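S.K.: just coords:
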DNA sequence: AAACATTCCTTAGCTAAGCTAAATATTAAT
DNA sequence: ATTAATATTTAGCTTAGCTAAGGAATGTTT
């Protein structure tokens, strides 16, 4: 590993801080998520389904960075719990289009609300100037991190 | 749910952005982590062991927000792979103190290096002013989010 | 000091979520 | 009409989470 230049070192320090901060933020949220009654992975796929509309199994697998069989089974379970509905696409009956039921949307939105409130409580302890820094950083990262 | 005031709404928007940004940052890192040959959970406990020194099973469980049996089994496996070592504490022979081996530290540091470089590549595309915003935000969040 | 209670860890056994390989069904192409 | 390709499912394995129950060491009470 070559010796990094000064600016590279600064970049790496920022990267390191960002890594740790992201971990802590999500760790904080995880505890609150338990209240939904869904596991992390299920909550995550339900979220994709709710916000990115009807979607095939394959698209869901790509979105979750997971293999199709994993999604296939989760959708079966979520459908059985009435949170999600699936039907063959009209243009290609191999693909299953998955969408959220009203119950699925309700559950997700309540969970999302709890999460947001948990983080809000954290941000509330900051002076407004720092809140703005956090917001600006989040916007920057959302722009560049796919 | 009561109607939020204007500042509460702003806070919630920031919280929402922060949530999404954190997810995307960690998702980006996950792909790189696969190169270590360790799963996410194992990498995570190894990291805690390396950076927080010798630690009991119970402390590790608390750090990872997981029940002790989960850690107990993972430590058994990591020890078997030579990445970690455990021995009874001298002052209380019920507790097992876990520490990293040289091999464990090497593996972790290489992985950490890869992660940091991956994020650095992302940050590099930003103008310096935005890099500073991200760094400032990360520092703020590390301060308030345990 | 003996008995009881507590604490730390492990074992056993379950479920969920990840994987690969192989099967099925539909569509596309030759 | 076959053959190839694609989308999903099924089957079977591993890892990681859980709870319940047990063993060993330590603390507490009488």
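M.R.: The structure has been received and is ready for your questions. Not measured: the values here are computed from a predicted model.
S.K.: Could you check the pLDDT of residue A:2?
M.R.: Residue A:2 carries a pLDDT score of 62 in this model.
S.K.: For chain A, which residues score under the pLDDT cut-off?
M.R.: Low-confidence segments of chain A, defined by pLDDT under 70, span residues A:1-4.
S.K.: Which stretches in it count as helices?
M.R.: Defined through DSSP state H, the helices belonging to chain A, from first to last, are A:6-33, A:40-51, A:57-64, A:68-80, A:102-124, A:128-144.
S.K.: distance of the residue nearest to residue A:96 when sequence neighbours are not counted from chain B?
M.R.: Leaving out its chain neighbours, the residue that sits closest to residue A:96 by C-beta to C-beta, 6 or more residues apart in numbering or on different chains is residue A:86, at 4.8 Å. Placement of C-beta: from N, CA and C, glycine included. In this structure, residue A:86 lies at 25 Å from chain B, with C-beta to the nearest C-beta, to the nearest Å as the measure.
S.K.: Might you report the residue contacts of residue A:86?
M.R.: Contacts for residue A:86 were tallied using C-beta atoms under 8 Å, 6 or more residues apart in numbering or on different chains; they are A:75, A:79, A:96-99.
S.K.: Now restrict these to buried residues only.
M.R.: Neighbour counting with 16 or more other C-beta atoms under 10 Å in any protein chain shown marks A:75, A:79, A:96-98 as buried within the contacts of residue A:86.
S.K.: Now the two most distant members of these.
M.R.: When these are compared pair by pair using C-beta to C-beta, the two farthest from each other are A:79 and A:97, 12.2 Å apart.
S.K.: Would you mind listing what in chain A touches DNA strand C?
M.R.: Listed as neighbours of DNA strand C in chain A under the rule C-beta under 7 Å from any atom of the strand: A:39-42, A:64-67, A:69-70, A:73-74, A:77, A:92-94.
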